[in-house]
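**Q** Generate a structure from the sequence data that follows.
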Amino acid sequence: MDIIETLKADYKKFPVDQTYSIYADNVYFQDPMTKFRGLERYKKMIQFIQTWFLNIKMDVHGIRQEKDFIKTEWTLSWNTPLPWKPRISISGWSELKTNSENLIVSHIDYWYCSRFDVLKQHFFSLNSR
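**A** A predicted model of the protein is given here:
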């Protein structure tokens with residue numbers, strides 16, 4: 001299994017039908033909102049996104065791998081299920097570390113904006129309908 005090709009395919013269909021077999025059982029996840037350990041918790045987070053966010057789109061700007069390190073750059077956008085359905089967009093990057101079995105053991109997301117910037121988009125979005 002080519003992990004880069006799998007990631008590209010997963011990003012295209014995110015958050016639907018993700019390939020969880022590329023993650024270690026004790027995978028560590030962190031982003032500006034949360035951090036936790038465990039594949040089951042990771043699956044629940046993806047399920048939450050799939051259930052509550054509308055019109056989700058993940059644009060990948062780049063993926064590169066060096067030994068046990070993968071960096072992806074992306075923009076994630078969605079409509080929040082508020083009455084005015086604001087369009088939210090977060091650009092950032094992920095740093096993924098793999099083990100000797102080529103499984104992802106750490107997935108850390110970084111954003112190019114603050115959590116407050118994301119909150120403001122819910123009320124001052126130019127793209128809301």
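**Q** Now stretch 82-91: buried residues?
**A** The neighbour-count check on stretch 82-91 (16 or more other C-beta atoms under 10 Å) flags K85, P86, R87, I88, I90 as buried. Using the backbone N, CA and C atoms, a C-beta is placed for each residue, glycine as well.
**Q** Looking at those residues, which one is closest to D59?
**A** Of all the buried residues of stretch 82-91, the one with the least separation from D59 (C-beta to C-beta) is I90, at 11.0 Å.
**Q** can you give me the strands in the protein?
**A** Secondary structure of the chain, counting by DSSP state E: strands at 23-30, 35-37, 54-66, 69-79, 87-98, 104-111.
**Q** who are the neighbours in contact with the closest residue to V118 other than its chain neighbours?
**A** Excluding its sequence neighbours, the residue lying closest to V118 (C-beta to C-beta, 6 or more residues apart in numbering) is I90, at 6.0 Å. By C-beta atoms under 8 Å, 6 or more residues apart in numbering, the contact set of I90 is T75, L76, S77, W111, Y112, C113, V118.
**Q** any chance of those residues in CSV, plus pLDDT, neighbour count and distance to L54?
**A** Below are the contacts of I90 laid out as CSV (pLDDT from 0 to 100; neighbours: other C-beta atoms under 10 Å; distance: C-beta to C-beta, whole Å):
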residue, pLDDT, neighbour count, distance to L54
T75, 98, 14, 17
L76, 97, 20, 13
S77, 97, 17, 11
W111, 98, 16, 20
Y112, 97, 11, 23
C113, 95, 14, 20
V118, 93, 16, 16
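**Q** Now do I70 against K44, distance only.
**A** 23 Å (C-beta to C-beta, to the nearest Å).
**Q** Same question for Q121.
**A** 25 Å.
**Q** So the two - more neighbours on which side?
**A** Q121 (20 against 12; other C-beta atoms under 10 Å).
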